[in-house]
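J.: please work out how this folds:
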Amino acid sequence: MSQHGKRYRSFNGRYDRDALYGVGDAIDLVKSMASAKFDETVELAVRLGVDPRKADQIVRGTLTLPAGTGKSVRVAVFAAGEQAAEARAAGADIVGADDLVARVRDEGFLDFDVAIATPDLMGQVGGLGRILGPRGLMPNPKTGTVTTDVGRAVTEFKGGRVEYRTDKVGNVHLPVGRVSFTKTDLAANVHAVIEELVRAKPSAAKGRYLLSVTLSSTMGPGVRIDPARAREVEEELAATA
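T.: Numbering: from 1, shown residues only. Below you'll find the model as predicted:
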């Protein structure tokens, strides 16, 4: 048997894989089953009732997690002049214009987690689409990563702003903290993600929207969260729209 198999067998009896838990109970279970020697990332996976093959049903955007991600985020900024200086002052890890474009294009430099660009440089950055796109690093106005306010963008991404986008089958995966986070902080982040996804529901999406919600740590099993409470959030937001 593999070590992975032994690890998963050790979870037997601690929880019901088929049960639907409340957010608080799910967090308790995820924290209790995290046994790695490092501070595991806690991830939320949400299956949405959309057809991402249709452009008007792609769900994407950014949100700021109230308790942050617990992760050190390396930010690269494609900017020149005063905006480059603004990016450096805000704490950007890599800043450049033509030189940074050439470094990515010619050397395959990708040692960053988020890429931000000013609109005037998107003509050049756009040529890096085949390199940045598959890795989810291509700047885009919809996610706030193409902007003239680079200082603010750097601060937000350093402080817990994350990007999300449906994959080819309609799933959204997002980190919501670390196992070491308090239950309160993890719950705040989970609720923030659910509320954001509900707000981003495409008008073209019909029927049930939040199909499943699963919480897990890096090395732990997935704990299913009852999406009914999340649907209550959806109904409340719809009523106030």
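
J.: helices or strands up against the longest helix belonging to the chain?
T.: Longest helix in the chain, counting residues (DSSP state H): helix 183-199. For helix 183-199, the packing partners by 3 or more Cβ pairs under 8 Å, 6 or more residues apart in numbering; DSSP states H and E come out as helix 23-32, strand 41-48, strand 60-64, strand 161-165, strand 171-178, strand 210-217, helix 227-240. In short, each C-beta sits where N, CA and C put it, glycine included.

J.: cutoff 7 Å now
T.: On a contact count with 3 or more Cβ pairs under 7 Å, 6 or more residues apart in numbering; DSSP states H and E, helix 183-199 meets helix 23-32, strand 41-48, strand 60-64, strand 171-178, helix 227-240.

J.: now that helix, how far from the chain's geometric center?
T.: In terms of Cα atoms, centre = their mean, to the nearest Å, the gap separating the centre of helix 183-199 from the centre of its chain is 12 Å.

J.: check stretch 137-147 too.
T.: That offset, for stretch 137-147, works out to 14 Å (Cα atoms, centre = their mean).

J.: contacting residues around that stretch?
T.: Contacts to stretch 137-147, defined as Cβ atoms under 7 Å, 6 or more residues apart in numbering, come from residues 60-62, 114-117, 119, 122, 125, 129, 132, 153, 163.

J.: just send the residues you listed back as TSV, with secondary structure, distance to P227 and neighbour count too.
T.: Listed next are these as TSV, based on DSSP: H, G, I helix; E, B strand; the rest coil; distance: Cβ to Cβ, whole Å; neighbours: other Cβ atoms under 10 Å:
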residue	secondary structure	distance to P227	neighbour count
R60	strand	20	14
G61	strand	20	16
T62	strand	23	19
V114	strand	29	25
A115	strand	33	25
I116	strand	33	28
A117	strand	36	29
P119	helix	38	12
M122	helix	38	16
V125	helix	38	22
G129	helix	35	10
L132	helix	33	19
A153	helix	32	28
E163	strand	23	19
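
J.: bridged to the residue nearest the centre of the chain, which residues?
T.: For the chain, the residue nearest the mean C-alpha position is L174 (3.5 Å; Cα atoms, centre = their mean). According to DSSP bridges, the residues that bridge with L174 are L44.

J.: go ahead and confirm V223 touches L215.
T.: Yes - counting by Cβ atoms under 7 Å, V223 touches L215, with 5.1 Å between them.

J.: tell me who's in contact with G127.
T.: Counting by Cβ under 7 Å, 6+ apart, G127 has no contacts.

J.: you'd agree it is in a helix?
T.: Yes - G127 forms part of a helix when assessed by DSSP: H, G, I helix; E, B strand; the rest coil.

J.: against D98, how distant is it?
T.: 12 Å (Cβ to Cβ, to the nearest Å).

J.: follow-up on the earlier one: tabulate the helices and strands packed on helix 183-199 (a markdown table), appending distance to E107 and mean pLDDT.
T.: Formatted as a markdown table, those follow (distance: least, Cβ to Cβ, whole Å; pLDDT from 0 to 100):
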| stretch | distance to E107 | mean pLDDT |
| --- | --- | --- |
| helix 23-32 | 39 | 92 |
| strand 41-48 | 29 | 96 |
| strand 60-64 | 28 | 89 |
| strand 171-178 | 28 | 94 |
| helix 227-240 | 44 | 57 |
